[in-house]
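**Q** When you get a sec, could you give me coordinates for this:
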Amino acid sequence: MRTNERDSGRQVQLWNELDYTVHVYVTNDRDRGLDELARLYDDRARIEPLIGELKNGFGIGKVSTYAFEANEAAFLITLLAYNLLRRWVGEKVIAAAKWQASGIRRTRIRVPARLLRSGGRWELRLAPRPLLN
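**A** From the prediction side, this is the model:
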């Protein structure tokens, strides 16, 4: 497939005077059209960075047991933790919204803090970190 839709990353040009690139997809799906297959595989490629972040930041690459149900439950809890982290960062730490989970954990979660209850509400007081505030 030839395309000039992509503009990120290093690409090999098919012809020097044109801005086309070449993409090769190997599949056994004979029912979809070529353009639909290309879009399907492009969408799948976008999920790879997220899977890498979950493997590195949340340890989903290591299977804890041989029981499928236990691994499924651990995976769902991990996804819940990831979603909660992203939601918290989106609301409270907007500057870190595009950071990876490992950077967020290192700079925003693993910091000295106190859990206080005042006026019937719980509050988490973080130690001052002038470089990150």
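
**Q** Check which helices and strands the helix or strand hosting Leu37 sits against.
**A** Secondary structure from DSSP states H and E places Leu37 in helix 34-58. Helix 34-58 is packed against helix 68-92, helix 101-104, with contacts defined by 3 or more CB pairs under 8 Å, 6 or more residues apart in numbering; DSSP states H and E. C-beta here means a position set from N, CA and C on the backbone, and glycine is covered the same way.

**Q** residue furthest from the geometric center of this structure?
**A** Farthest-out residue of the chain from its mean C-alpha position, per CA atoms, centre = their mean: Gly119, at 37.4 Å.

**Q** Give me the pLDDT value at that residue.
**A** pLDDT recorded at Gly119 is 88.

**Q** Contacts only, for it.
**A** By CB atoms under 8 Å, 6 or more residues apart in numbering, the contact list for Gly119 is empty.

**Q** Helix or strand: which one has Glu123?
**A** strand 121-126.

**Q** Can you tell me the SS state at Asp31?
**A** In three-state terms, and counting by DSSP: H, G, I helix; E, B strand; the rest coil, Asp31 is coil.

**Q** Now do the contacts for it.
**A** So Asp31 contacts nothing (CB under 8 Å, 6+ apart).

**Q** how about low-confidence regions in this structure?
**A** 1-23, 129-133 (pLDDT under 70).

**Q** try 90 this time
**A** For the chain, applying pLDDT under 90 flags the ranges 1-30, 32-79, 81-83, 85-115, 118-120, 123-133.

**Q** Please identify the buried residues of the helix holding Leu37?
**A** Leu37, Ala38, Leu54, Gly57, Phe58 (16 or more other CB atoms under 10 Å).

**Q** ok, so of those residues, who is nearest Thr107?
**A** Within the buried residues of helix 34-58, proximity to Thr107 (CB to CB) peaks at Gly57, which comes in at 13.0 Å.

**Q** Now do the contacts for the closest residue to the closest one other than its chain neighbours.
**A** Of all residues not flanking Gly57 in the chain, Ala101 sits nearest, at 3.2 Å (CB to CB, 6 or more residues apart in numbering). Ala101 sits next to Glu53, Leu54, Asn56, Gly57, Phe58, Tyr82, Leu85 when contact means CB under 8 Å, 6+ apart.
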